[in-house]
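Novice: using only what follows, build the 3D model:
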Amino acid sequence: MVDDTVVDLSRIQFAATALYHFLFVPLTLGLTVLLATMETVYVTTGRVIYRQMTQFWSKLLLINFALGVATGLTMEFQFGTNWSFYSAFVGDTFGAPLAIEGLMAFFMESTFIGLMVFGWDRLSKAQHLVVTYLVALGSNLSALWILVANSFMQHPQGAIFNPVTMRMELSSFGELFFNTDAQAKFVHTSIAGYVVAAIFVCGISAYYMLRGRHIEFARRSFRIASLFGILATAGVLTLGDALGFVGAHAQPTKLVAMEALWTTEKAPMAFNAIAIPSQSQQRNLFEIQIPALLSLLVTHSWDQSVPAADVLVKQAEVRIRNGIPALAAMKKLSADPHDAEALKLFDKHRADFGYATLVQRYVADGDVTKATDAQIQRAARDTIPEVWIVFWAFRIMVGFGLLMLAYFVMAGLFTLRNNVQNQRWFLHVALWMIPIPFLACEMGWLVAEVGRQPWAVYEVLPTWLSASTHSFEYMAFSLAGFMVLYTIFAIIEFYLMVHFIRKGPDEHAGDEGHSAVPAAAY
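Specialist: Numbering: from 1, shown residues only. Now for the predicted structure:
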């Protein structure tokens, strides 16, 4: 049994490192595609300014990519150090997409990003354009494989639990890869990265226009990014609805938290625009509702109801009771793997054995057959995530999404009229918009990960059982160390970005001349 405080510190440490890392990932995803777009225009038109644009934004991409790698590598080590039981339990399945991401996508991206930055004088136009497209492909493939692994945690498919080895063993790579949650989440996350990059490029371009520097460079960069951003933001909002529709069926408890639904009502159900949820009282202390909207958004109909916390908790109680015999059978199988009667009993209750582990933490000696009704009810209530976090993170994310869509519509109108450089108030807005998509991405991560609790692998492995048996002192020290280290990384990123942005693009870079910045300068 792992101490609850150690579990909480392990969660906080992983959340902190993931949130830091996710500051760099979306910008890399989006900038690679924007660079490919800019260089395509350069190759097709031959206009040197588009080469200049590609070279300048690739410098910022390289800085961001390097810091993204530095913050990302340590995350995977945490699976072995802080989540050892999780690693042993799902390593056969979870490790496959992570290995493919490292061997195929990450190394491909890392190799070609060097050729992209330093190969301007060594490759032909067409060859360099191919390299840039390969960088974009590699970065998006990296995201794909990571999200395939994450989606197994959200909606486990393609693996079967072996009660003898106590592991989830890969049964179908196709089911793992084509997980509906993985495909929907990949498209949503990738396009969210495009939005981040578009607002970043627009903001930096606005900075130059406000200061009267590199005007033509800034106008063209702003135009490409704003038009790119309109399409990307519309795609994020549309695909976000599709992802929510998939998630509502795969994880109804997450939907309960997103919408602060405590009591099931007849259709059509109202949407809680604003609410103050109380987890202890299982109700909202305050709420402002929009009639009938929830049924339309979640079920895409007016006559279907959405199960709320009251129904789902009762269902969890039933599944906990049904899973207790499976957990008892597993104990017998650990002593005698050839016990046919125990294996038959486990197979009968296989679907619910994960629920029985929820109550195991509340039973003194871990014998779930001795669980009381009160302990079972407490474990059932645990299946509802921390509602106020998920509820408000979701609304902040959606609110920022609508704000960015309005911003890009205005940006597109101004740039198509060729007078964006004269709209100084809007250029100031563009600067202040830079952190908004980053915050929206962080909120999306909170919705996805906090909304999955109390599960590490949904309905199979609870979080409390996944952690390593470290001491409180070890976890507190390592958490403090990671926070200091990652804060240093963030400061380095900010300093380097500001340095190169202030320096600006090299306006004297010729069509066939040397690179805008010598290799040693990197």
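Novice: Lys59: what's its closest spatial neighbour, skipping adjacent residues?
Specialist: Distance criterion Cβ to Cβ, 6 or more residues apart in numbering; nearest residue to Lys59, sequence neighbours excluded, is Phe500 at 5.5 Å. The way it works is simple: take the backbone N, C-alpha and C, and place the C-beta from them, glycine included.
Novice: by mean pLDDT, flag the weakest helix or strand of this protein.
Specialist: Counting by mean pLDDT, DSSP states H and E, the chain has its least confident helix or strand at helix 293-299, which shows a mean of 80.
Novice: once you drop chain neighbours, what's closest to the spatially most central residue of the chain?
Specialist: Residue closest to the mean C-alpha point of the chain, counted by Cα atoms, centre = their mean, is Trp445 at 4.5 Å. Closest residue to Trp445 apart from its sequence neighbours, by Cβ to Cβ, 6+ apart: Phe22 at 5.6 Å.
Novice: before we move on, the earlier item: can you tell me the element the residue nearest to Lys59 falls in?
Specialist: helix 472-503 (DSSP states H and E).
Novice: quick revisit: list the helices and strands the least confident helix or strand of the chain packs on?
Specialist: Where contact means 3 or more Cβ pairs under 8 Å, 6 or more residues apart in numbering; DSSP states H and E, helix 293-299 is packed against helix 215-250, helix 252-259, strand 271-278.
Novice: from the contact counts, what lies against the second one?
Specialist: This means helix 252-259. Applying 3+ Cβ pairs under 8 Å, 6+ apart, we find helix 252-259 packed against helix 215-250, helix 293-299, helix 309-335, helix 387-416, helix 435-450.
Novice: lowest-confidence stretch among these?
Specialist: When these are compared by mean pLDDT, helix 293-299 comes last with a mean of 80.
Novice: residues touching that helix, excluding its own?
Specialist: 241, 244-245, 248, 255, 259, 261, 267-272, 301-306 (Cβ atoms under 8 Å, 6 or more residues apart in numbering).
Novice: buried ones in it?
Specialist: Going by neighbour count (16 or more other Cβ atoms under 10 Å), the buried part of helix 293-299 is 294-299.
Novice: try stretch 394-405
Specialist: Using 16+ other Cβ under 10 Å as the test for burial, stretch 394-405 gives 394-398, 400-401, 404-405.
Novice: again, but for stretch 411-422
Specialist: 411-412, 414-415, 420-421.
Novice: show me what contacts Asp310?
Specialist: 262-264, 282.
Novice: by neighbours, which of those residues wins?
Specialist: When neighbours are counted by other Cβ atoms under 10 Å, Trp262 leads the contacts of Asp310 with 21 neighbours.
Novice: wait, doesn't Leu496 sit right on Leu62?
Specialist: No. If you go by Cβ atoms under 8 Å, Leu496 and Leu62 don't touch, sitting 9.5 Å apart.
Novice: with neighbour numbers in mind, choose between these two.
Specialist: Neighbour comparison, Leu496 and Leu62: the larger count goes to Leu62, with 20 against 17 (by other Cβ under 10 Å).
Novice: so when I look at the more buried one, I'm seeing a helix, right?
Specialist: Yes. Per DSSP: H, G, I helix; E, B strand; the rest coil, Leu62 lies within a helix segment.
Novice: can you give me the distance of the residue lying closest to Met410 once chain neighbours are set aside to Ala99?
Specialist: Of all residues not flanking Met410 in the chain, Phe426 sits nearest, at 6.7 Å (Cβ to Cβ, 6+ apart). Distance of Phe426 to Ala99, computed by Cβ to Cβ, to the nearest Å: 47 Å.
Novice: quick one, which of the two is more surrounded?
Specialist: When neighbours are counted by other Cβ under 10 Å, Phe426 and Ala99 differ, and Phe426 comes out ahead with 17 against 12.
Novice: per-residue pLDDT, that one?
Specialist: We note a pLDDT of 94 for Phe426 in this prediction.
Novice: how about Pro505?
Specialist: Pro505 carries a pLDDT value of 87.
Novice: which element is the closest residue to it other than its chain neighbours on?
Specialist: Spatial nearest neighbour of Pro505, chain neighbours left out: Phe56 (3.8 Å); criterion: Cβ to Cβ, 6+ apart. Using DSSP H and E, Phe56 sits within helix 48-81.
Novice: elements contacting the very next helix or strand once past that helix?
Specialist: From helix 48-81 onward toward the C-terminus, using DSSP H and E, the following helix or strand is helix 84-100. Packed against helix 84-100, as judged by 3+ Cβ pairs under 8 Å, 6+ apart, are the following elements: helix 48-81, helix 125-154, strand 159-162, strand 167-170, helix 173-177, strand 455-457, strand 461-462, helix 463-466.
Novice: quick one, helix 84-100 and helix 48-81 angle?
Specialist: 150 degrees (axes from the mean of the first three to the mean of the last three Cα atoms, to 10 degrees).
Novice: name the residues of helix 84-100 that come out as buried.
Specialist: 85-87, 89-94, 96-98, 100.
Novice: burial count for the residue nearest to Trp445?
Specialist: Other residues close to Phe22 by other Cβ under 10 Å number 18.
Novice: show me the contacts for it.
Specialist: 441-442, 445.
Novice: now those as a markdown table including distance to Thr372?
Specialist: Converted to a markdown table, the contacts of Phe22 look like this (distance: Cβ to Cβ, whole Å):
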| residue | distance to Thr372 |
| --- | --- |
| Cys441 | 43 |
| Glu442 | 40 |
| Trp445 | 37 |
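Novice: and the residues you listed, which is closest to Leu170?
Specialist: Taking Cβ to Cβ as the measure, Trp445 is the one of the contacts of Phe22 closest to Leu170, at 26.1 Å.
Novice: wait, doesn't that closest one sit right on Leu19?
Specialist: Yes. Here Trp445 reaches Leu19: they are 6.6 Å apart, a contact under Cβ under 8 Å.
Novice: any chance of the helices and strands packed on helix 293-299 in CSV, with distance to Glu449 and mean neighbour count too?
Specialist: Formatted as CSV, the helices and strands packed on helix 293-299 follow (distance: least, Cβ to Cβ, whole Å; neighbours: other Cβ atoms under 10 Å):
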stretch, distance to Glu449, mean neighbour count
helix 215-250, 13, 20
helix 252-259, 10, 25
strand 271-278, 18, 17
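Novice: Ala356: which of those is closest?
Specialist: Once the helices and strands packed on helix 293-299 are compared by Cβ to Cβ, helix 252-259 is nearest, at 17.0 Å.
Novice: got the angle for the closest one vs helix 215-250?
Specialist: 130 degrees.
Novice: contacts for helix 252-259, please.
Specialist: If you take Cβ under 8 Å, 6+ apart as the criterion, helix 252-259 is touched by 244, 247-248, 261-262, 271-272, 294, 298, 306-309, 312, 383-387, 389-391, 394, 447, 450-452.
Novice: so for it, mean pLDDT?
Specialist: Averaged over helix 252-259, pLDDT sits at 91.
Novice: so how far is that helix from its chain's centroid?
Specialist: Between the centre of helix 252-259 and the centre of its chain there are 17 Å (Cα atoms, centre = their mean, to the nearest Å).
Novice: which regions of the chain sit below the pLDDT cut-off?
Specialist: For the chain, applying pLDDT under 70 flags the ranges 1-2, 105, 242-248, 507-522.
Novice: any idea how it splits into domains?
Specialist: Domain assignment for the chain by automatic domain parsing gives 4-251+409-521, 253-384.
Novice: out of the contacts of Asp310, who's nearest Phe472?
Specialist: Closest to Phe472 out of these is Gln282 (31.1 Å), distances taken as Cβ to Cβ.
Novice: excluding its backbone neighbours, what's nearest that closest one?
Specialist: Nearest to Gln282 is Trp262, by Cβ to Cβ, 6+ apart, at 5.3 Å.
Novice: Ala96 contacts Phe177, correct?
Specialist: No. Using Cβ under 8 Å, Ala96 is not in contact with Phe177; the gap is 9.4 Å.
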